[in-house]
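Novice: structure for the following, please:
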Amino acid sequence: MNFCSRECIAAGEPRAGTGVRAQAYVFLPVAKRLWGEREFNARWASPEELEAIRAARAGGVVTRLYNPQPGIEAALVYRGPTAAAGLEPLLETVSRRWPVLADEAPRFAVCTQGKRERCCAKWGYAVFSRASALHAQGRFPFQPLECSHLGGDRFAATGLVFPSGSMYAHLDTVDLGDLGAAEAAGRIAPAIYRGRVYDTPLAQVARAGLARDGLLNHGTTPLQVEALAPHQVEATATDLGLSFRVSLDQAEIDFVASCDHLEVHRRSKARRTVYVAGAPAAP
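Specialist: Next comes the predicted model:
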């Protein structure tokens, strides 16, 4: 059996810039048996809840489900640096069913929604199991959660680290202990980094590239990106007083979006901004 995520790895598709953006993420505790292929469905949600989730998305909120586990069964809220207009109405609705927890605790959400994508069943669940074992041993500081689709089937195993908001691809290919240590220290793992979900795609690309080149590895410092010329930007970490000139390019991407597409030989094309090089900006 072939897997779209292995096709993505073999093709060397750039990952940076594909973090699924939002001003806030909300995770709802819904038993995995109720997710199905489309997790937002009438088997668990009322019409009012489904409408609130749709409206929240339009207001800058991404909502996902997670499989409840002992000691944690609440709506989990992670806010970005910019206020999300759709957040409070959603929380008002879901609070009628669950307590709302906005504790910003360190958690690691991994997509295991196998009925939607077999890569998530195979690679996602393996990563969740490994992370859970490490967490129980005190070797992984982020509480693992099985969650619904995070976006980008071909990037499985896909995961999100909070509170940084760092999204990663192909987590089954790396040492999770090393990843946990880097994130706990405020750094990212640039080789598998999709992007900070609170950043623009361009800032995600710049953050990953600067970290890869050893110029700036910081997972959460605000990064302002300003165009200087075609294919060149200035990326400034304002709170650190650091600026960098970053050269970019446009890459033509030929990819298989999912395992279903792989089976019918359906390929897609896209143009992706990619990092070329960076250097400290002149004073």
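Novice: what ranges does the stretch 101-250 of the chain have for its strands?
Specialist: 107-111, 143-147, 159-162, 166-168, 193-196, 224-229, 232-237, 242-255 (DSSP state E, counting those that start in this stretch).
Novice: a strand runs through residue 279, doesn't it?
Specialist: Yes: if the criterion is DSSP: H, G, I helix; E, B strand; the rest coil, then residue 279 is within a strand.
Novice: can you report how many residues lie near the residue lying closest to it once chain neighbours are set aside?
Specialist: Of all residues not flanking residue 279 in the chain, residue 245 sits nearest, at 5.5 Å (Cβ to Cβ, 6 or more residues apart in numbering). Every C-beta, even on glycine, is put in place using the N, C-alpha and C of the backbone. The number of residues packed near residue 245 is 16, by other Cβ atoms under 10 Å.
Novice: list the contacts for residue 245?
Specialist: Neighbouring residues of residue 245 by Cβ atoms under 8 Å, 6 or more residues apart in numbering: 228, 232, 233, 234, 278, 279, 280, 281.
Novice: the second one contacts residue 246, doesn't it?
Specialist: Yes: because the distance of 7.0 Å satisfies Cβ atoms under 8 Å, residue 232 is recorded as touching residue 246.
Novice: which one's more surrounded, those two?
Specialist: residue 246 (25 against 12).
Novice: was I right to think that one contacts residue 203?
Specialist: No: the criterion here is Cβ under 8 Å, and residue 246 misses it with residue 203 at 10.3 Å.
Novice: about what we covered before: among the contacts of residue 245, which ones are buried?
Specialist: 233, 278 (16 or more other Cβ atoms under 10 Å).
Novice: turn the contacts of residue 245 into CSV, columns for pLDDT and distance to residue 208.
Specialist: What follows is the contacts of residue 245, written out as CSV (pLDDT from 0 to 100; distance: Cβ to Cβ, whole Å):
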residue, pLDDT, distance to residue 208
228, 91, 19
232, 94, 17
233, 95, 14
234, 96, 17
278, 97, 11
279, 96, 16
280, 96, 18
281, 92, 18
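Novice: any idea how far residue 216 is from residue 153?
Specialist: Here the criterion is Cβ to Cβ, to the nearest Å. By it, residue 153 lies 31 Å from residue 216.
Novice: oh sorry, the question was meant for residue 63
Specialist: Residue 63 is 32 Å from residue 216, by Cβ to Cβ.
Novice: same check, this time on residue 261
Specialist: Residue 261 is 36 Å from residue 216, by Cβ to Cβ.
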